[in-house]
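**Student:** Sequence first, then the predicted structure:
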Amino acid sequence: MYDAELMAVATGAAGTLVAAIATSGAEKMRLKVAQFFRRATPDQQRAAARAVDDTAAQLTSPSPEAQALAVAAWAQLIAQYLAEHRDVISEVDELAVPTPPASKVWNQRNTGTGTFIGGDVHGGMTFNYGGASDGGR
C-alpha cells in the first residue's frame, strides 16, 4: 500500500483531473496525461490513455457515483506511478491544470472611398478570441 502523503497527492490530482476531463474533454487532457506518464512502462502508458477515454465515457452520465469511481481509478494509477517515480511528484499539479484554449485571431482590413462621414476610411481590427490579454494595447 502507498503512504498517506502519496495517496493524498494522488487523490487530489485525480479529483482535479477528472473535473478537467469533464470540463475540457478527453482530447485536451490526453496530451497532459501522456506527458505526465512519459516515464511509465508501455503498459502503464496504455492504461493511462485508456483511463482518459473510460473517464470521459463514465462522465457522460452526471452521477456522483461515476465521478467517485473515476477519481478512485485515477488515484490508483497516479499513486502507483508516483511510487515508482518520486521525482515527478512536483509535476502532478501540471497534470491537473487544463490547457488554455488556443487563441483564434481574425484580421479585418478596411479601405475605401466614397460617401463616408469625415472622408475616406482606412484602418483595421484584430480579434483575438480566447487568447491571453495583451495588457490593454
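**Tutor:** Here it is on my side, so go on.

**Student:** Next SSE downstream of the helix or strand harbouring residue 14?
**Tutor:** Element membership for residue 14 (DSSP states H and E) is helix 4-24. Later in the chain than helix 4-24, the nearest helix or strand by DSSP H and E is helix 26-36.

**Student:** Now the element after that next one, going C-ward?
**Tutor:** helix 42-58.

**Student:** Identify the residues contacting that following helix?
**Tutor:** If you take Cβ atoms under 8 Å, 6 or more residues apart in numbering as the criterion, helix 42-58 is touched by 18, 21, 25-26, 29-30, 33-34, 36-38, 40, 66-67, 69-70, 73-74, 77, 80-81. Where C-beta positions appear, they are placed from N, C-alpha and C, glycine not excepted.

**Student:** And the buried ones among these, selectable in PyMOL?
**Tutor:** In PyMOL, selecting the buried portion of the contacts of helix 42-58, with burial taken from 16 or more other Cβ atoms under 10 Å, looks like this:
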select buried, resi 18+21+26+29+30+33+36+37+40+66+67+70+73+74+77+80+81
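
**Student:** Please tell me how far the closest residue to residue 30 other than its chain neighbours sits from residue 5.
**Tutor:** Counting by Cβ to Cβ, 6 or more residues apart in numbering, residue 52 is the residue found nearest to residue 30 once chain neighbours are left out, at 5.1 Å. Distance, residue 52 to residue 5, using Cβ to Cβ, to the nearest Å: 25 Å.

**Student:** Who has more neighbours out of those two?
**Tutor:** residue 52 (21 against 10; other Cβ atoms under 10 Å).
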